[in-house]
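J.: Pasting a predicted model and its sequence here:
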Amino acid sequence: MRTRVLRITLVAVAVALLSASLLSTLLIERQVSRELRGRLDAVLAVAAAQADDVREGIAADPEGVADRIAADLSAIGQDIRITLIALDGTVLADSASDGPVLETHGARREVVDAIAT
């Protein structure tokens, strides 16, 4: 009798732990999705507001453009690194760098995918 009660209790505890784990995973996923969506919306809003200025400014001062976009995002609570990359993969500017960046990201998968679209 005691063994049966112990087994039932263990099964009930296991089911409760599994249910709690599943529920917390779903809640965390929902929260992370909301946060990422909010960050992406903020980035897109800043990018859209600066689109014309960015096109003209990249040729003259790519570092200034990257720093300005990063500063605008930081002003709305989005501390995001901005890297401007030419179609050949050359890094034109990086908001986290002091001075010119002499590297290429042309072989990175995300850059190749972005250029392809």
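T.: Structure received. Residues are numbered from 1 along each chain as shown.
J.: Now for I69: which residues touch it?
T.: I69 sits next to 46-47, 50, 54, 82, 95 when contact means Cβ atoms under 8 Å, 6 or more residues apart in numbering. Bear in mind the C-beta positions are built from the backbone N, C-alpha and C, glycine included.
J.: how about the helices in the chain?
T.: 2-60, 62-75, 109-116 (DSSP state H).
J.: Centroid-nearest residue for this protein?
T.: In the chain, the residue lying closest to the centroid (Cα atoms, centre = their mean) is L36, at 6.6 Å.
J.: That one and G89: what is the separation?
T.: For L36, the distance to G89 equals 26 Å [Cβ to Cβ, to the nearest Å].
J.: And for E29?
T.: Taking Cβ to Cβ, one finds E29 at 33 Å from G89.
J.: Show me which of the two is the more surrounded one.
T.: Higher neighbour count among E29 and G89: G89, with 15 against 10, using other Cβ atoms under 10 Å.
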